[in-house]
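A.B. asks: How does the following fold in three dimensions:
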Amino acid sequence: MDNPSPPTQPSTPRRRGGQPGNRNAIKHGFYAHQQASPIESLVDLEEEIQVLRLFIRDFLDQDRSQVTFEQNLALLRAVCFAFTALNRLVKTQHWIASNHDEYTDTIKQAIADFAKEANLGV
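C.D. replies: As a prediction, the model looks like this:
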């Protein structure tokens, strides 16, 4: 019996990292684990900063050879907004770190009071 092998298709080499359509980050990424307390996460923005940096880097690494000029302008605008948000997060994280002792307890207490009044169970 002659078993013909399936025809081979010329394929492009795979890029490093997750392939298009890969959803592993949802299961194993930054937000996959449960946080201990939403109040504790308010004083540390490091995860959000890292997520935004990764998003920007991945976005800039994408191939946009088939994108029109107008679409590229819209994408550039979105990247500018992302960098602005990243800048604000970094500044806020620095401000929180430098004023941690003064404001952390006040912020936590205000959130706990609000959660208690709103019956959020935090």
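
A.B. asks: Next, residue 104: secondary structure please.
C.D. replies: What DSSP: H, G, I helix; E, B strand; the rest coil gives for residue 104 is helix.

A.B. asks: What residues does the nearest residue to residue 78 once chain neighbours are set aside make contact with?
C.D. replies: In this structure, residue 78 finds its nearest non-sequential neighbour in residue 59, 8.0 Å apart by Cβ to Cβ, 6 or more residues apart in numbering. Where you see a C-beta, it was placed from the backbone N, CA and C, and this is true even at glycine. For residue 59, the contact set (Cβ atoms under 8 Å, 6 or more residues apart in numbering) comprises 75, 78-79, 82.

A.B. asks: and after the lowest-mean-pLDDT helix or strand in the chain, which helix or strand comes next?
C.D. replies: Least confident element among the helices and strands of the chain, by mean pLDDT, DSSP states H and E: helix 38-41 (a mean of 50). Next in sequence after helix 38-41, counting helices and strands by DSSP states H and E, comes helix 46-61.

A.B. asks: in this protein, which spans are helices?
C.D. replies: 24-28, 38-41, 46-61, 69-98, 100-117 (DSSP state H).

A.B. asks: Under the pLDDT cut-off, which ranges of the chain? List them.
C.D. replies: 1-11, 23, 25-44, 99-102, 120-122 (pLDDT under 70).

A.B. asks: Distance of the spatially closest residue to residue 53 that is not a sequence neighbour relative to residue 57?
C.D. replies: Nearest residue to residue 53, sequence neighbours excluded (Cβ to Cβ, 6+ apart): residue 86, at 6.6 Å. Between residue 86 and residue 57 the distance is 11 Å, computed by Cβ to Cβ, to the nearest Å.

A.B. asks: unless I'm mixing things up, residue 55 is touching residue 83, no?
C.D. replies: No - using Cβ atoms under 8 Å, residue 55 is not in contact with residue 83; the gap is 11.0 Å.

A.B. asks: That's all I had, so thanks and see you.
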